[in-house]
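> Just a sequence and a predicted model for now, questions to come.
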Amino acid sequence: MNNKKIIFPLMLLVVWQVCSFAGILPHSKIPSPLEIIIALNELMLTGLPAGSSLITHGLYSLLRVICGFLLAGVIAIPCGIIIGWSKILREVCTPVIEIIRPIPPLAWIPLAILWFGIGLKSASFIIFLGCFFPILLSTISGVLAVDSILIDAARTLGAKEKDIFIKILIPGATPSIYTGVRIGMGIGWMTLVAAEFTGVKSGYGLGYMIMIARDIQRPDLVIAGMVTIGLVGYMLDTVLRVMEARSLRWRET
Amino acid sequence: MGLEINKLNKTFYNADDHTTIVALQDVSLRVDNGEFVSIIGPSGCGKTTILRIISGLEIPTAGDLYIHEKQAEPWNHVGFVFQEYALFPWRTVSENIQFGLEMKGLTKSEKKLRSNDYIHRFGLHGFEDTYPNELSGGMRQRVAIARTLVNDPSIILMDEPFGALDSQTRGQMQKFLLDIWRQSNKTILFVTHNIDEAVFLSQKVIGISKRPGSVQLSLNIDLPYPRDVTSDEFNRYRKEIIDFLNKQNIEQNG
Ligand SMILES: Nc1ncnc2c1ncn2[C@@H]1O[C@H](COP(=O)(O)OP(=O)(O)OP(=O)(O)O)[C@@H](O)[C@H]1O
Ligand SMILES: [Mg+2]
């Protein structure tokens, strides 16, 4: 099984490399896999611009994502639980949510810059918007999916409203919250890199680095940056998946 | 005395299509301290509703409820065992059993002491850290009963607790419940669809009519425990209940 996972991507890379070598793919547009590895190495050692290594750019991007993501989680999860619990609040909030939600996070960039200037704050704000709605909506649906018989059982065992929130609704909604958190993290990460392309420039970040590579006409560096974005995104999701599997052990059959 | 309900009425209002359902009409019944009483009746006649009102989960439209002669908060005295077990899937066996103790604010060691006692008595030893979805139906129901009993309620309501079990497990659980009841001298109000179960377990069987539910039969089962299901007396009681249920069905169809 593991073999299958590895063999197909390897074959693609080999075909790609052979095509480049045979001159079928133009080097100036599509660099070969080896050239991309060399570019990655250059980004690590020399950096772009020189002195700002790939690691530094990656850490800046990560910091922005994590700030926005944590803030979104801290606000969206409690709000989602309360909205899921209260029918009245749900009816009041749903139209507002449904109108704000379709606005792409990137459309907030001009406003973010007016409010927070260029820097960590506005980048994190954009990420926050990208993460917030998936987490909020899945928390609400998670609470709605909690079997009411469990709430009844808790009541007959002496649970007060507060206990029902903390000991029934939150754990009951956790599987769904995890789904939202993983979607939110994915959207947040994509949003960030796009945000770094367009507006939120502060000298560091993977998106910023890629724009410089474009300016100096280096597709190998651009693709090396893209590969890094993919790898970091995969890593973030893996961390969340492991956390999910650990805290949802009870769901296994 | 234990539990008394007096002319209980319950009407449900359905907000979607603005209809009302009269679930209970003037239901009165009395269960003495330490008594084992079963409720039997056609599907949808309001058996669950009666238990939910007694436990405080539902508010009656009219009528009175007395628990130990007081119109008191039921939580402290009444335990509820649900048909669907209603175990918290994210809590292990011992965490499920300790839920009520947690609500009372007991210390960790007290909780452990009391839940361990039930874990041993209920044959759950070795499964303390197991999650409910890894247990068999019979074990789940034992956890659910332990979770209720550990809080020491004086009245236990059981809503078709063995309905989902295969007949062999069901038989074992009935004997198990009788043992607990006879050792603890709790008051039990037990809803069932199963005639044999009602006669095997209870001192009194109450028959509820089809909707709107009202008490139509109150039958004392004067047989010593443990009961012999093949005896003539047992069959006489069975027949009386079957006749009652048939009458309900005829009225329903006619
Ligand atoms: N929350 C509710 N809203 C509206 N109608 C309800 C509600 N709860 C129960 N009912 C109705 O009240 C009647 C009695 O329901 P109840 O669940 O008490 O019956 P039951 O005797 O326990 O039935 P069963 O044997 O199938 O468990 C049914 O017709 C049911 O549809
Ligand atoms: Mg019922």
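Arrived safely, thanks for sending. Ligands and ions are numbered 1, 2, ... in the order given.
> any idea of the pLDDT on the nearest residue in space to A:R90 that is not next to it in sequence?
Among residues not flanking A:R90 along the chain, A:I83 sits closest, at 5.4 Å (CB to CB, 6 or more residues apart in numbering or on different chains). The way it works is simple: take the backbone N, C-alpha and C, and place the C-beta from them, glycine included. With respect to pLDDT, A:I83 scores 96.
> Show me what from the stretch 51-200 of chain A comes close to chain B.
Residues of the stretch 51-200 of chain A lying near chain B by CB under 8 Å from any CB of the partner chain: A:147, A:149-150, A:152-160, A:163, A:167-168, A:171-172, A:174.
> rerun at 7 Å
Residues of the stretch 51-200 of chain A lying close to chain B (CB under 7 Å from any CB of the partner chain) are A:I149, A:L150, A:D152, A:A153, A:R155, A:T156, A:L157, A:G158, A:A159, A:D163, A:P171.
> Spatially central residue in chain B, please.
Chain B has B:M158 as the residue nearest its centroid, 1.3 Å off, counting by CA atoms, centre = their mean.
> wait, what's in contact with the residue nearest to A:R90?
Going by CB atoms under 7 Å, 6 or more residues apart in numbering or on different chains, A:I83 touches A:L89, A:R90, A:C93, A:I140.
> Show me which of those are buried.
For the contacts of A:I83, a neighbour count by 16 or more other CB atoms under 10 Å in any protein chain shown gives the buried set as A:R90, A:C93, A:I140.
> which ones among these are found in helices?
A:R90, A:C93, A:I140 (DSSP state H).
> Leaving out sequence neighbours, find the closest residue to A:A195.
Spatially, and ignoring its direct neighbours in sequence, A:A195 is nearest to A:I126 (4.7 Å; CB to CB, 6+ apart).
> Would you mark the buried spots in the helix or strand harbouring the one you found?
Element membership for A:I126 (DSSP states H and E) is helix A:120-144. By neighbour count with 16+ other CB under 10 Å, helix A:120-144 contains the buried residues A:120, A:122-143.
> What is the nearest of the contacts of A:I83 to chain B?
If you rank these by distance to chain B using CB to the nearest CB, A:R90 comes first, at 15.0 Å.
> Look up phi and psi at residue 218.
I went with chain A, as the question did not name one. Phi and psi for A:R218, reported as degrees, to the nearest 10, are phi -120, psi 80.
> look at chain B instead
Main-chain torsions, B:S218, degrees, to the nearest 10: phi -140, psi 110.
> isn't there a helix covering the residue nearest to the centre of chain B?
No - going by DSSP: H, G, I helix; E, B strand; the rest coil, the assignment for B:M158 is strand, not a helix.
> quick one: pLDDT of it?
Note on B:M158: pLDDT of 97.
> ditto for B:T11
Looking at B:T11, its pLDDT stands at 95.
> quick one on the thing from earlier: could you pull up the mean pLDDT of the helix holding A:I126?
For helix A:120-144, mean pLDDT is 92.
> other SSEs contacting it?
Using 3 or more CB pairs under 7 Å, 6 or more residues apart in numbering or on different chains; DSSP states H and E, the elements in contact with helix A:120-144 are helix A:54-85, helix A:109-116, helix A:170-198.
> Report the angle between that helix and helix A:109-116.
Here helix A:120-144 runs at an angle of 110 degrees relative to helix A:109-116 (axes from the mean of the first three to the mean of the last three CA atoms, to 10 degrees).
> Now the element after helix A:120-144, going C-ward?
Following helix A:120-144 toward the C-terminus (DSSP H and E): helix A:148-156.
> Next, see if that next one gets close to ligand 1.
No - Helix A:148-156 is not in contact with ligand 1 by CB under 6 Å from any ligand atom; minimum separation 9.8 Å.
> which parts of that helix are buried?
For helix A:148-156, the buried set under the neighbour-count rule, 16+ other CB under 10 Å, comprises A:L150, A:I151, A:D152, A:A153, A:A154, A:R155, A:T156.
> Just put these in a markdown table and tack on pLDDT.
Shown next, in a markdown table, are these (pLDDT from 0 to 100):
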| residue | pLDDT |
| --- | --- |
| A:L150 | 97 |
| A:I151 | 96 |
| A:D152 | 96 |
| A:A153 | 97 |
| A:A154 | 97 |
| A:R155 | 95 |
| A:T156 | 95 |
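> Grab the nearest non-local neighbour of residue 43.
This is for chain A. Using CB to CB, 6+ apart and skipping residues adjacent in sequence, the residue nearest A:L43 is A:L54, 4.0 Å away.
> please go with chain B instead
Using CB to CB, 6+ apart and skipping the chain neighbours, the partner closest in space to B:S43 is B:H193 (7.5 Å).
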